[in-house]
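1. following is a predicted model, sequence given first.
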Amino acid sequence: MVWPTIGSSWDYGLVVADTSGNTGGTGTCGTTVTRTNSVPTITTGTATVTSANLTTNTTYASATNTTETMSHNAICSTSVGSSVTPTINTTPPTCSSPSVSTITNYDASSNYVFTPSGPTVGAGGVISGMVDGTSYTVSASNSLCSNSSPSASFSNAPMLSVPNTPAITTTPVSCNTSSTSTITNFDSTLTYVFTPAGPTVGVGGVINGAVDGTTYSVTAGNGSCSSQASTFTNSSSSPITVTVSSNSVCVNGTLTLTPTTGGTWVSNNPSVATVTSGGVVSIVSNGSVDFTFTDLNSCTATTSVVTVNPSEDASFSYPSGSYCLTDANPTPTITGTSGGTFTINNSGVINAT
């Protein structure tokens, strides 16, 4: 604290030193410091406090003559004659924060008055309590100096708009169709970025071009900010594969079906052939039949059509049991299944038909 000089009158005068050589008292702005030292040395000075008498950015004490007691009210000044007009710096808003205004020439000993009221100034001159979009001015004052001129008008802009995180639904895998994913809060004005690259978004938010089994992340952007990422994975379908051992079989023949586990089999024509749930086939009669397998996910697959032929019977007879070479060729009587061909297992010639 500096003691100002004083003239012949102490009132509004300035004191630089007392008889003990003290050059100042202790105290903080707004408190009263009382000195009971000897009468101060009076030095030549000016009795009026003006900007010519004071030094900028210096803290002074005022003096009042009360007999031999000097009562000093601590006063603070960041300028001479009037306080410095506050200088404001406002940062631009970001995707995570609104803009922030700061008094760059902030002085903790000054009082700051905002118009309209509401904001306050904290450490380092950071202004809090502003309403985004509202314009303010601020003036500075202290106990020595008058209010400064208002600052230039300033306002804080709200935080930049951040798009909503994409909401994704993925359909379950069907029997023969892979799952599909859709952005349910799709906005055609936004840009969607996939990682890894490849998929695109179509009408209604349907995602195209995703590789089954690959996990993707997707963000939405509006040109200034990007949303948080969402992830999704499409699964591929697993069609059922069924087989039948033959497409043609005799009544007394056999059929084998696969698979034999993981589901159940049914016959579409039990009068021709029946089948157990495990795939064991029993042929009943000639005709046509196919078999359908249903797996544990209720997915189905059907075999090709199987033709069941009557049992073969090669029975035939001749009118006599022996013939001479000069006899006419005998004609057999077929008593079994018609059709077929004849063969001979000994020397001789036989008409195959």
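-> Here it is on my side, so go on.

2. look up the closest residue to residue 127, ignoring the ones flanking it.
-> Nearest residue to residue 127 in three dimensions, chain neighbours excluded: residue 101, at 4.7 Å (C-beta to C-beta, 6 or more residues apart in numbering). In this view, the C-beta of every residue, glycine as well, is placed from N, C-alpha and C.

3. I'd say that neighbour and residue 129 touch.
-> No. Using C-beta atoms under 8 Å as the test, residue 101 is too far from residue 129 to be in contact (10.7 Å).

4. so how far is residue 90 from the closest residue to residue 159 other than its chain neighbours?
-> Among residues not flanking residue 159 along the chain, residue 98 sits closest, at 4.6 Å (C-beta to C-beta, 6+ apart). Residue 98 is 10 Å from residue 90, where distance means C-beta to C-beta, to the nearest Å.

5. what do these two both touch?
-> residue 156 (C-beta atoms under 8 Å, 6 or more residues apart in numbering).

6. give the helix, strand or coil label for the residue nearest to residue 159.
-> At residue 98 the chain is in coil, as set by DSSP: H, G, I helix; E, B strand; the rest coil.

7. what sits against it?
-> Residue 98 touches 132, 156-159, counting by C-beta under 8 Å, 6+ apart.

8. quick revisit: list the contacts of the residue nearest to residue 127.
-> Contacts of residue 101 by C-beta under 8 Å, 6+ apart are 88-91, 127, 130, 154-156.

9. again, only using 7 Å
-> Residues counted as contacts of residue 101 (C-beta atoms under 7 Å, 6 or more residues apart in numbering) are 88, 90, 127, 130, 154, 156.

10. so how far is residue 113 from it?
-> As defined by C-beta to C-beta, residue 101 lies at a distance of 15 Å from residue 113.

11. what do you get for residue 102?
-> 17 Å.

12. of the two, who's got more company?
-> Per other C-beta atoms under 10 Å, whichever of residue 102 and residue 113 has more neighbours is residue 102, with 17 against 14.

13. specify the beta-bridge partners of the more buried one.
-> residue 89, residue 126 (DSSP bridges).

14. same question, residue 265
-> residue 293.

15. so it sits against residue 275, correct?
-> Yes. Residue 265 lies in contact with residue 275 (C-beta atoms under 7 Å); the separation is 4.7 Å.

16. can you list the weak-confidence ranges in the stretch 1-150 of the chain?
-> 1-83, 143-146 (pLDDT under 70).

17. could you redo the last one with a cut-off of 90?
-> The stretch 1-150 of the chain contains residues with pLDDT under 90 at 1-85, 107-110, 141-149.

18. can you tell me how far the closest residue to residue 100 other than its chain neighbours is from residue 333?
-> Distances taken as C-beta to C-beta, 6+ apart put residue 91 closest to residue 100, at 4.9 Å, once the chain neighbours are dropped. Going from residue 91 to residue 333 by C-beta to C-beta gives 113 Å.

19. okay, those two: which has more neighbours?
-> Under the criterion of other C-beta under 10 Å, the comparison of residue 91 against residue 333 puts residue 91 first, with 13 against 10.

20. from residue 105, how far off is the more buried one?
-> Where residue 105 is concerned, residue 91 sits at a distance of 17 Å (C-beta to C-beta).

21. one more: residue 93?
-> 24 Å.

22. neighbour count winner among the two?
-> It is residue 93, of residue 93 and residue 105, that has more neighbours when counted by other C-beta under 10 Å, with 18 against 15.

23. verify the stated contact: the more buried one with residue 160.
-> Yes. With contact defined as C-beta under 7 Å, residue 93 reaches residue 160; the gap is 5.3 Å.

24. hmm, who's touching the helix or strand where residue 274 lies?
-> Remark: residue 274 resides in strand 273-275, with elements defined by DSSP states H and E. Counting by C-beta under 7 Å, 6+ apart, strand 273-275 makes contact with 257, 265-267, 281-284, 289, 291, 308, all of which sit outside it.

25. roughly how far is the helix or strand following that strand from the heart of the chain?
-> Toward the C-terminal end, the helix or strand that comes next after strand 273-275 (DSSP H and E) is strand 281-283. With C-alpha atoms, centre = their mean, to the nearest Å as the basis, strand 281-283 stands 58 Å off its chain's centre.
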